[in-house]
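Engineer: got a sequence here, can you build the structure:
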Amino acid sequence: MTSKGEQLFAYGLAAILLIVGVVCYASLAPEPPEEPIRLMFKTSAGKILFDHKIHTVEDGYGLACEDCHHEEQDESSSCSGEDCHGPDSEPTRADAFHTNCKGCHEETGAGPAECSACHMR
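Structural biologist: Numbering: from 1, shown residues only. Presented below is the predicted three-dimensional model:
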């Protein structure tokens, strides 16, 4: 058996290492990327995991921002707002995505065009 002093030392060392680990993790966290890498859209037809990076990098589809985004947006704005593609505006966000995404996939043959390729349950 171990002595009470050894056990206390082990618990103290574990606590110190845990604290050091948490502090290091919090202070050395990587900077978030300027552009999103993946986005999850929740829709009535199922979730859509959109890989933003593959669409924008040179060895992917190589699209420019304005190929998909028709207006300059900052981080606080969204296309699904009341003034843009909200539920009561035309076209809706779903209409805009289907026209842009599915239309591009069908025209270029660069990506899937079936519903189940994007919409997941």
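Engineer: list the contacts for residue 43?
Structural biologist: By Cβ atoms under 8 Å, 6 or more residues apart in numbering, residue 43 lies in contact with 94, 119. (Glycine included, C-beta is placed from N, CA and C.)
Engineer: any figure for the gap between it and residue 67?
Structural biologist: To residue 67, residue 43 is 22 Å away according to Cβ to Cβ, to the nearest Å.
Engineer: quickly find the element holding the residue lying closest to residue 105 once chain neighbours are set aside.
Structural biologist: Spatially, and ignoring its direct neighbours in sequence, residue 105 is nearest to residue 111 (4.1 Å; Cβ to Cβ, 6 or more residues apart in numbering). Taking DSSP states H and E as the definition, one finds residue 111 inside no helix or strand.
Engineer: in the least confident helix or strand in the chain by mean pLDDT, what counts as buried?
Structural biologist: None of the helices or strands of the chain scores lower by mean pLDDT, DSSP states H and E than helix 93-97, at a mean of 80. Residues of helix 93-97 classed as buried: 93, 96-97 (neighbour count, 16 or more other Cβ atoms under 10 Å).
Engineer: also stretch 49-68?
Structural biologist: Quick answer for stretch 49-68 (16+ other Cβ under 10 Å): 50, 52, 55-56, 63.
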